[in-house]
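Enquirer: 3D, please:
(chains A, B, C and D)
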Protein chains: 2
Amino acid sequence: MSSSITPEPLQRLNVSSSPQERFEEYLQTRGLRQTSQRKFLIDAVFSEHEHFDADELIDRLPAKGEDNYVSSATVYRTLREFVDAGLLKSFQLDGRTVYELDYGYPAHDHLYCTRCKELFEFTSEALVGLRDQVASKMGFRVSGHRMIIQGMCSDCITKSRRKKRKQDLV
Amino acid sequence: MSSSITPEPLQRLNVSSSPQERFEEYLQTRGLRQTSQRKFLIDAVFSEHEHFDADELIDRLPAKGEDNYVSSATVYRTLREFVDAGLLKSFQLDGRTVYELDYGYPAHDHLYCTRCKELFEFTSEALVGLRDQVASKMGFRVSGHRMIIQGMCSDCITKSRRKKRKQDLV
DNA sequence: ATTTGTGCAAAGCCTTTGCATGGGT
DNA sequence: ACCCATGCAAAGGCTTTGCACAAAT
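Expert: Residues are numbered from 1 along each chain as shown, chains lettered A, B, ... in the order given. Got it, this is the predicted structure:
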């Protein structure tokens, strides 16, 4: 029961095909095309598993004039496709759209530190059980959920204590 | 245990002062002013307890030229103050900011029907317990949370079945 | 050859803000 | 009299879109 909460970093799951392969399949079944931009973006996105928004992604991509430059419009369009294809998940935080890897990673929820703005992940089977119990009581057919716990992470608790001590000395 | 989920409509709690009184207090302690617009808006907002966004609120307020007209800028500014004052809560849904009554109402979470776009409320003590348990494992100091269960409400399930049956007949 | 994708710039949507005027205290 | 609040219009931040050209099938 208490082991149902997993604060450890999430591991990639064993999945039969890579994100690249899965996206190819997605494109082919809909008569869409494989382009250099799409290939480049999928590699860029899956090269690290942080949370990011469109702007952050654009910042770490080649700038205009450099090789492999991709316009922002295409980045936005492609991020949507990745979500459609089940490669990424997206949600809203502080007004912007945040993306995270979905394909190949276990379902999880988030803790959000309102001081350092960092997102932490956790998994809890009990939460999913509770969700389904609530939904069934309400006659709902569940398709998903979004749980974000807001607060202050341990690092920030420490830092804010230090800061407060300093202030108290003045 | 099973009684910890409350799908029934939320009731107003007994609170010593009205939203109006509480807002007056809030304004006075900060040297802010009571204006006709603020009074009018607080009445408009607390006259029904639905979820709404700025646009929906503006739509049901008097139009430009009519009595008690309030500019959109003031509506936006005032909604923020209501949140600061603890009268309203706000959260993001599908990109827009949704407001709901907070002062005088018990804490709760939401089910969101992605078909009819309606929000339903539920309360669950177990969810709060789980939240605190997760947070403490992660060294977090909790300040709040946001849980939204997405899916299809019972009405929409019925409707979509009917629709499907019709389609099948064609 | 056909049809989708891309880049560019413009527009959209929701919300905030600068500024001059109006109104509480 | 002071200074906060309002209305207006303009600007902001993020995202989408129309269009002409480029590229994939």
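
Enquirer: okay, which residue is most central for chain A?
Expert: Of all residues in chain A, the one closest to the mean position by C-alpha atoms, centre = their mean is residue A:100, 1.9 Å from it.

Enquirer: ok, how many other residues are close to the closest residue to residue A:70 other than its chain neighbours?
Expert: If you skip the residues right next to it in sequence, residue A:70 has residue A:37 as its closest partner in space, 4.8 Å away by C-beta to C-beta, 6 or more residues apart in numbering or on different chains. Backbone N, C-alpha and C define where each C-beta goes, glycine included. With neighbours defined by other C-beta atoms under 10 Å in any protein chain shown, the count for residue A:37 comes to 16.

Enquirer: go on, the one 3 residues further on?
Expert: A count of neighbours around residue A:40, defined by other C-beta under 10 Å, yields 17.

Enquirer: The host helix or strand of the residue nearest to the centre of chain A pairs with which strands, parallel or anti?
Expert: In the assignment (DSSP states H and E), residue A:100 maps to strand A:96-101. The strands beside strand A:96-101 in its sheet (DSSP bridges) come out as strand A:52-53 (antiparallel), strand A:88-93 (antiparallel).

Enquirer: got the contact list for the residue nearest to residue A:70?
Expert: Taking C-beta atoms under 8 Å, 6 or more residues apart in numbering or on different chains as the contact definition, residue A:37 lies against A:70, A:74, A:78.

Enquirer: Please name the residues that touch the residue nearest to the last one when sequence neighbours are not counted.
Expert: Excluding the flanking residues, the one nearest residue A:78 by C-beta to C-beta, 6+ apart is residue A:41, at 5.0 Å. The contact partners of residue A:41, taken as C-beta under 8 Å, 6+ apart, are A:61, A:70, A:74-75, A:78, A:82.

Enquirer: Would you agree the residue nearest to residue A:70 falls within a helix?
Expert: Yes. Counting by DSSP: H, G, I helix; E, B strand; the rest coil, residue A:37 falls inside a helix.

Enquirer: if we can go back for a sec, mind listing what's buried in the strand holding residue A:100?
Expert: Of the residues in strand A:96-101, those buried under the neighbour-count criterion (16 or more other C-beta atoms under 10 Å in any protein chain shown) are A:97-101.

Enquirer: Could you see whether chain B lies near the strand ranked longest in chain A?
Expert: If each strand of chain A is counted by residues according to DSSP state E, the longest one is strand A:141-152. Yes. Where contact is defined by C-beta under 8 Å from any C-beta of the partner chain, part of strand A:141-152 touches chain B, namely A:141-152.

Enquirer: So what are the sheet partners of that strand and their directions?
Expert: For strand A:141-152, sheet partners with direction are given as strand A:109-113 (parallel), strand B:141-152 (antiparallel), following DSSP bridges.

Enquirer: how far is the longest one from where the chain is centred?
Expert: The chain centroid and the centroid of strand B:141-152 are separated by 13 Å, computed with C-alpha atoms, centre = their mean, to the nearest Å.

Enquirer: Would you mind listing the buried residues in the helix or strand following it?
Expert: Of the helices and strands lying after strand B:141-152 in sequence (DSSP H and E), the nearest is helix B:154-169. Counting neighbours by 16+ other C-beta under 10 Å, one finds that the buried residues in helix B:154-169 are B:156-157.

Enquirer: which parts of chain A sit against chain B?
Expert: That would be A:5, A:7, A:92-93, A:95, A:111, A:113-114, A:120, A:122, A:124, A:126-127, A:130-131, A:133-135, A:137-154, A:157, which are the residues of chain A within reach of chain B (C-beta under 8 Å from any C-beta).

Enquirer: so who does the nearest residue to residue A:145 once chain neighbours are set aside touch?
Expert: Spatial nearest neighbour of residue A:145, excluding adjacent residues (C-beta to C-beta, 6+ apart): residue B:149 at 4.6 Å. If you count contacts by C-beta under 8 Å, 6+ apart, residue B:149 has them with A:131, A:134-135, A:140, A:142, A:144-145, B:109-112.

Enquirer: Show me how the record splits chain A into domains.
Expert: Using automatic domain parsing, the domains assigned to chain A come out as A:15-104, A:106-170.

Enquirer: wait, does the first one make contact with DNA strand C?
Expert: Meaning domain A:15-104. Yes. Judged by C-beta under 7 Å from any atom of the strand, domain A:15-104 and DNA strand C are in contact via A:27, A:31-33, A:35, A:37-38, A:64, A:69-74, A:77-78.

Enquirer: And those, which two are furthest apart?
Expert: A:31 and A:64 (30.3 Å; C-beta to C-beta).

Enquirer: would residue A:41 count as being in a strand?
Expert: No. Looking at residue A:41 with three-state DSSP, it is helix, so not inside a strand.

Enquirer: Going by neighbour count, which of the contacts of residue A:37 are buried?
Expert: Neighbour counting over those (16+ other C-beta under 10 Å) leaves A:70, A:78 as the buried ones.
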